[in-house]
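S.K.: Sequence below, structure please.
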Amino acid sequence: MSEFIGSIDQGTTSTRFMVFDHGGNEIVRHQLEHEQILPRAGWVEHNPTEIWERTRSVITTAMNKADLGAGDLAAVGITNQRETTVVWNRRTGRTYCNAIVWQDTRTDKIANALHRDGRAEVVRQRSGLPPATYFAGGKLKWILDNVEGVRADAEKGEAIFGTIDTWLLWNLTGGTDGGVHATDATNASRTMLMDLETWDWDDELLSFFDVPRKMLPFILPSSNPEFYGTTRADGPFGGEVPLTGVLGDQQAATVGQVCFKPGEAKNTYGTGNFLLLNTGNEIVRSEHGLLTTICYQFGEHKPVYALEGSIAVTGSAVQWLRDQLGIISGAAQSEALAGQVSDNGGVYFVPAFSGLFAPYWRSDARGAIVGLSRYSTNAHIARATLESICFQTRDVVDAMQADSGVTLDVLRADGGVTANELCMQMQADVLGVPVYRPVVAETTALGAAYAAGLAVGFWRSTDELVENWQEDKRWQPTWDSDRRESEHARWKKAVSRTLDWVDVDG
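M.R.: Sure, this is the predicted structure:
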């Protein structure tokens, strides 16, 4: 049997390819960034062709670096930035426009129209999602309504839709020459177009967004023993490899963190933050601003569901300090700068660059730094930026406990920001519970590898995966409850200052 599993991790700012062994240990990786295209305020785009080219490159480079061939891989999994929307022509393979990224807010009028005419509750009950700019259905409607030729080609069955997983899968399996047009249940559940109970596209929801059903990919299990397809011999792997696992990035991280029991939760710290709580086979509908979503579906088993708190801007706020303000030269420097002061000096930063996601869902909000005085320095702003990551997570944890009745005993953390030890200590202080970081911090890629490997028997069961999990470091809370609550109260006051800034109907 082949010794390794490959994983394509296509994220918001970069694409990486990683290879893992049976113990879940990293063998090799290669990673490349892609351009962030910002045509106007609130618009965020990616070039899908560039992403496909970066994907090919990272696979080829990593395989060569480790001297691996297609025969060394038992299977490959894909994980992806969710909700980012691509439309292309199945005959030519050409995209009609740039991909509209999950952070993009141009569809606010589409979402608000659903709220005004009463259809929002149907969307929420059927799909588990509130109408918001975040999700793919509104982005697809915008492309159909605004990009010349797309609707006519969609009606003819030539223009097809997918999130990034579908775009990569289609290209890896042949593109215009027989490429597979499919997605998995986790990505489909992020569109506002899928019924959570039937695990299929819903005709009434499609009518709300005026989306032709023939545009949509087949929905398959996240771990698929019957394969999504195989890579082409002339592709980046240089041979045929089964593609057997697909998971949206946050669900992949949940699998990578082996949160297989109801009540287990993880938080991924990346461009944004995403806290998922496994609710088992039960659909728990949120009353406190969270999302109900599919956590994973393995083979013929029923889907496992999750409550999710999605936060738009966390790690990207640190990038903003680097790229827009220029007060740090790299993300790692934020820890040293913030560490120059013992507290935030009364400064709070709410990075609502694209509005506020969970638990507020306010597209009218915009970023604000409040509490500034002559005493304030760039170190206070850096510290407030790290604290904003932690306070937003606290807001989501409070909502999750209110919805589920589950009190968090420990938080499993992963993603790039977990390398910032000051931020992780702040997170333990703000939550009042220990924070654990696993040995393999890139749990998103690992989760996709696990899904692919389970499908082909590389791992026999999830019990084997649980045995692979190892703790790298934990942070214990040091704040007393009075400080914890008073700091959070001032954060909530800062959040209130960001609301009603943008006229979303203007």
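
S.K.: Run through the residues that contact the residue sitting furthest away from the middle of the chain.
M.R.: The outermost residue of the chain relative to its centre, with distances by CA atoms, centre = their mean, is Arg374 at 38.4 Å. Going by CB atoms under 8 Å, 6 or more residues apart in numbering, Arg374 touches no other residue. No exception for glycine: its C-beta is placed from N, CA and C like everyone else's.

S.K.: any idea how far it is from Ala452?
M.R.: As defined by CB to CB, to the nearest Å, Arg374 lies at a distance of 56 Å from Ala452.

S.K.: tell me the average confidence for stretch 492-499?
M.R.: Over the span of stretch 492-499, the pLDDT mean works out to 95.

S.K.: low-confidence ranges in the protein?
M.R.: 1, 504-506 (pLDDT under 70).

S.K.: and the next element down the chain from the longest helix along it?
M.R.: Ranked by residue count, the top helix of the chain under DSSP state H comes out as helix 378-404. Using DSSP states H and E, the helix or strand that directly follows helix 378-404 along the chain is strand 411-414.

S.K.: Which element is encountered next along the chain beyond that next one?
M.R.: Next along the chain from strand 411-414, counting by DSSP H and E, comes helix 421-431.

S.K.: Tell me what angle that following helix forms with helix 378-404.
M.R.: Following axes from the mean of the first three to the mean of the last three CA atoms, to 10 degrees, one obtains 40 degrees for the angle between helix 421-431 and helix 378-404.

S.K.: and helix 421-431, which residues are buried?
M.R.: 422-431 (16 or more other CB atoms under 10 Å).

S.K.: Stretch 333-342 too?
M.R.: Neighbour-count burial for stretch 333-342 [16+ other CB under 10 Å]: 334-335, 337-338, 341.

S.K.: Just the terminal-to-terminal distance for it.
M.R.: One end of stretch 333-342 to the other measures 16 Å (CA to CA, to the nearest Å).

S.K.: who's in contact with Lys214?
M.R.: Under the criterion of CB under 8 Å, 6+ apart, the neighbours of Lys214 are 154, 157.

S.K.: returning to that earlier point: give the helix, strand or coil label for the residue farthest from the centre of the chain.
M.R.: Assigned state for Arg374: coil (three-state reduction, DSSP: H, G, I helix; E, B strand; the rest coil).

S.K.: what bridges to the nearest residue to Thr49 once chain neighbours are set aside?
M.R.: If the residues on either side of it in the chain are set aside, Thr49 comes closest to Thr95, at 6.7 Å by CB to CB, 6 or more residues apart in numbering. Per DSSP bridges, residues listed as beta-bridge partners of Thr95: Trp88.

S.K.: going forward, begin numbering at 839 instead of 1
M.R.: Shifting the count to begin at 839 puts that one at Thr933.

S.K.: Quick check: the two most widely separated of the buried residues of helix 1259-1269?
M.R.: Looking at the buried residues of helix 1259-1269 by CB to CB, the two members farthest from one another are Leu1260 and Leu1269, with 15.2 Å of separation.

S.K.: In space, what's closest to Arg932 - neighbours in sequence excluded?
M.R.: Sequence neighbours aside, Trp926 is the residue nearest to Arg932 in space, at 6.3 Å (criterion: CB to CB, 6+ apart).

S.K.: before we move on, what about Glu888?
M.R.: Distances taken as CB to CB, 6+ apart place His872 nearest to Glu888, at 5.2 Å, with adjacent residues excluded.

S.K.: Go ahead and confirm the one you found touches Arg892.
M.R.: Yes. If you go by CB atoms under 8 Å, His872 and Arg892 touch, sitting 5.4 Å apart.

S.K.: What distance do you get for Arg989 to Leu1129?
M.R.: Applying CB to CB to Arg989 and Leu1129 gives a distance of 29 Å.

S.K.: Could you do Gly909 as well?
M.R.: Using CB to CB, one obtains 41 Å as the distance from Gly909 to Leu1129.

S.K.: For the two, indicate the residue with more neighbours.
M.R.: Leu1129 (26 against 13; other CB atoms under 10 Å).

S.K.: Name whatever forms a beta bridge with the more buried one.
M.R.: Beta-bridge partners, per DSSP bridges, of Leu1129: Glu1146.

S.K.: quick revisit: turn the buried residues of helix 1259-1269 into TSV, columns for distance to Leu1034.
M.R.: Formatted as TSV, the buried residues of helix 1259-1269 follow (distance: CB to CB, whole Å):
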residue	distance to Leu1034
Leu1260	39
Cys1261	34
Met1262	33
Gln1263	37
Met1264	35
Gln1265	30
Ala1266	33
Asp1267	36
Val1268	32
Leu1269	29
